[in-house]
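> after the sequence you'll find the predicted model.
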Amino acid sequence: MERTSLIAAAAAALLLGTIATDASAELDENAGIFTAQIREEGSSISWGQAVIVVDKPVEDVLPIVLDYANYVEFMPNFTKSRVLAQRGSRAMVYMEVSVAKGAITLWGQLSLAERPSDGDTHVVEAKLMEGNVDAFNARFTLTPVDGGERTQVDFKIYVDPDIPLPSSVFSRENERAAGRTVRALRTRVFEGPQGSS
């Protein structure tokens, strides 16, 4: 029972990050980010969605999204991101995320790939193959805007930890995780390893 309570607390803390304690700082960091919850058919837990426009062309953003091994360097609370096998943009990746101030580790083996798409839009999807959560799906959609000078990033995430808490808790955490992910991606684009700002 104690383990279940601990896991529930971890999930409530945030599946992919920690809840900000300074509300005004979070509002500033979220400037320009739209977030929402999207119903998942057959589930009481909703997807989290976040949309942002990044002041860089898609050619600068897509390589960061496809750099699966380095998610650990910038994604919120990632402690491991190891590519197990890869061919082109298709990869099997093992990832770990620390939640509840390090008390719980969520892990999963994910299948990631860039999906064929029409036009200039790029879609990169992640699907859970195995792990210690019931479901994990995520999708980056990158679309050139303003004549290709900027990129609209639309990120969606669905995590179902199968923990006895109200589904609204996990729907909200999915939405927060989406917001934190696009914020982290924006930061990486401008402050990444090449210092491309």
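Now that the structure is in, tell me what you want to look at.
> for the spatially closest residue to residue 172 that is not a sequence neighbour, give me its contacts.
Distance criterion CB to CB, 6 or more residues apart in numbering; nearest residue to residue 172, sequence neighbours excluded, is residue 37 at 7.4 Å. (Glycine included, C-beta is placed from N, CA and C.) Residues near residue 37 by CB atoms under 8 Å, 6 or more residues apart in numbering: 46-49, 171-172, 174-175.
> can we see that at 10 Å?
By CB atoms under 10 Å, 6 or more residues apart in numbering, the residues touching residue 37 are 45-49, 168, 171-172, 174-175, 178.
> what does residue 124 give?
Going by CB under 10 Å, 6+ apart, residue 124 touches 62, 65-66, 68, 89, 112-115, 117, 138-142, 155.
> how about residue 129, nearest residue that isn't a chain neighbour?
In space, residue 129 is closest to residue 109, 4.7 Å off (CB to CB, 6+ apart).
> distance of the one you found relative to residue 79?
In this view, residue 109 and residue 79 are 15 Å apart by CB to CB, to the nearest Å.
> please, which helix or strand holds the residue nearest to residue 129?
For residue 109, the enclosing helix or strand under DSSP states H and E is strand 104-115.
> what packs against that strand?
If you count contacts as 3 or more CB pairs under 10 Å, 6 or more residues apart in numbering; DSSP states H and E, strand 104-115 packs onto helix 2-13, helix 58-66, strand 78-87, strand 90-99, strand 122-131, strand 135-145.
> residue 164 is nearest to which of those?
helix 2-13 (6.7 Å; CB to CB).
> of the contacts of residue 124, buried ones?
The neighbour-count test (16 or more other CB atoms under 10 Å) marks 62, 65-66, 68, 112-114, 138-142, 155 as buried among those.
> between which two of those is the distance greatest?
With CB to CB as the measure, no two of the buried ones among the contacts of residue 124 lie farther apart than 68 and 141, at 17.0 Å.
> hmm, back to that, which one of the contacts of residue 124 sits closest to residue 191?
Closest to residue 191, out of all of those and judged by CB to CB, is residue 65, at 15.9 Å.
> isn't that closest one up against residue 154?
No - taking CB atoms under 10 Å as the definition, residue 65 is not a contact partner of residue 154, at 11.8 Å.
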